[in-house]
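> Predicted structure and sequence below. I'll ask about it afterward.
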Amino acid sequence: MEKKCINIGIAGFGTVATGLTKLILGNSDIIYRRLGKKIKIKSILVKDINKKRDFLPPESVKFTDKIDDIVNDPEIEIVVELIGGTTVAKEVIKKSILAKKHVVTANKAVLAEYGSELFQLAKLQNTALYFEASVGGGIPIIQTLKENLSGNKIISLIGILNGTANFILSKMSQEKLPFEQALKIAQDKGYAEADPTLDIEGIDAAHKLIILIMLAYGKNYPLDKLTIEGISNTDPYDIKMAEEFGYTIKLIAKAKDKGGNLEAGVYPVLIPKKHILAKVDGPFNAILIEGNGVGPIMLYGQGAGGLPTGSAVLSDIMSIIRSSSYNNTGFYSDQIEEASILEDKYTSCCHYFRFQVEDRPGVLAILAGIMGERNISIAQVVQRQEKKGKYVPVVFLTHRAQIKNIKDAIEEIDKLSFVMPGTKHYRILN
Ligand code: HSE
């Protein structure tokens, strides 16, 4: 007789696992109507069974601190990995797949680093390894790329993929706060990862971009080849200047197909205020995708939090229960090839610079000369009488120029005796 109840095991009981548990309990009626089956949480793996918890599942749920109690329990069909990190989490995923269990994970770090290995293992074992919650929290971006846009060639995707960074930049802009103060508020609100370096240095967004590239292009783009710049050096002065020029600063993750080569990276950029992504504020995430059939589409929603992320995890669990065959990456045989990479230094866009220079005759001409020699054409220049010691800020906006030339120019300019080193540079999204 067909089973009427599917047992799952959860590894980890933090924010997302709590959100998932609340949804499984609170939405049991709609889940049953949709599946014709109940989902039962049988066991939860935690580090410390005796830890005081604000929210507890029903008493029938067993807490355990032994991985084997979950991965080797024959009654558990689906293991939900919500531990995070890449050590114990990887062990739980691997052991579960080897035990022929289906796995649902929200773990972007483990997939960005070990995705190829884990997807191959899942293919061999004919199990599902689903990961809707790994990118964009509650936003259904994985399924969108895997299924709904599967007939498109993806021309480009640009995402605001880290809510903490977006919240910090929004706060700095709206309330004129320094970076440290805005970070503290983000942490107090619980948006940041346990280690906020992952959020503010762009690494969390990079993990997510690697996953999106795999789904959009069927390519493995190694994390160590990706250009990653964070926001920890953001100065409120540049946010103010960018605004005066009609831009807002956002941390974006971008991938673009350039004739078969992939241009990709995570960095803060100036976005024109009327651009749709400029309106994505606070902890929200958004992904703008351009397919050659569908044209541009944008998905927007909560990129973190227990219930939104739990909603994505639950959709994976339900989708596994409904299916009888599994494709994890959206590519036939789950074959993921190595990406052919367009190196960052050969990419080009428009740029924003802020130099701090001594205010004396000939200075601007020298800066402009160095840029001109490197084929960097200036679009706008502003000098303000806002002295910092003996230096004044000079802001340049340029036409399109290659990153290599930009880096060379900054290196040369920063060595000049009348320039304070540490020139600020941002790419402009256009
Ligand atoms: N720390 C992440 C963010 C949430 O701020 O977006 C989960 O990926």
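Structure received. Numbering: from 1, shown residues only.
> Quick one: mean pLDDT for the helix or strand containing Val395?
Using DSSP states H and E, the element containing Val395 is strand 391-398. Throughout strand 391-398, pLDDT has a mean value of 96.
> and what of stretch 352-369?
Here the average pLDDT along stretch 352-369 is 95.
> tell me how far the ends of that stretch are from each other?
From its first residue to its last, stretch 352-369 covers 17 Å (Cα to Cα, to the nearest Å).
> In stretch 164-179, which residues are buried?
For stretch 164-179, burial by neighbour count (16 or more other Cβ atoms under 10 Å) applies to Thr164, Ala165, Asn166, Phe167, Ile168, Leu169, Ser170, Lys171, Met172, Ser173, Leu177, Phe179. Glycine gets a C-beta too; all of them are placed from N, C-alpha and C.
> Kindly identify which of those also come near the ligand.
Filtering these for neighbours of the ligand using Cβ under 6 Å from any ligand atom leaves Thr164.
> part of a helix, is Asp281?
No. In this structure, Asp281 is coil, not part of a helix, as judged by DSSP: H, G, I helix; E, B strand; the rest coil.
> How about the residues of the stretch 201-350 of the chain by the ligand?
Counting by Cβ under 6 Å from any ligand atom, the stretch 201-350 of the chain sits next to the ligand at Asp204, Gly303, Ala304.
> any idea which of these is least confident?
Ala304 (90).
> And for Val71, nearest residue in space, chain neighbours not counted?
Lys95 (4.3 Å; Cβ to Cβ, 6 or more residues apart in numbering).
> Surely the one you found and Ile67 touch.
Yes. At 6.4 Å, Lys95 counts as touching Ile67 under the criterion of Cβ atoms under 8 Å.
> okay, and the common contacts of those two?
Applying Cβ atoms under 8 Å, 6 or more residues apart in numbering, one finds that no residue jointly contacts Lys95 and Ile67.
> mind showing which ranges of the chain have poor pLDDT?
1 (pLDDT under 70).
> Could you chop it up by domain?
Domain assignment for the chain by automatic domain parsing gives 5-138+308-336, 141-301, 344-428.
> roughly how far is the longest one from the heart of the chain?
Between the mean C-alpha point of domain 5-138+308-336 and the mean C-alpha point of its chain there is a distance of 20 Å (Cα atoms, centre = their mean, to the nearest Å).
> what about that domain, start to end distance?
35 Å.
> what's the answer for the shortest one, then?
With Cα to Cα applied, domain 344-428 spans 15 Å between its terminal residues.
> and whichever residue of the stretch 1-150 of the chain sits closest to the ligand, how many neighbours?
Across the stretch 1-150 of the chain, the shortest distance to the ligand (Cβ to the nearest ligand atom) belongs to Gly137, at 6.1 Å. By the criterion of other Cβ atoms under 10 Å, Gly137 has 28 neighbours.
> For the residue lying closest to it once chain neighbours are set aside, give me its contacts.
In space, Gly137 comes closest to Gly303 once its chain neighbours are excluded; the distance is 4.1 Å by Cβ to Cβ, 6+ apart. Contacts here follow Cβ under 8 Å, 6+ apart; on that basis Gly303 touches Gly136, Gly137, Gly138, Ile139, Leu161, Asn162, Gly163, Pro283, Phe284, Asn285.
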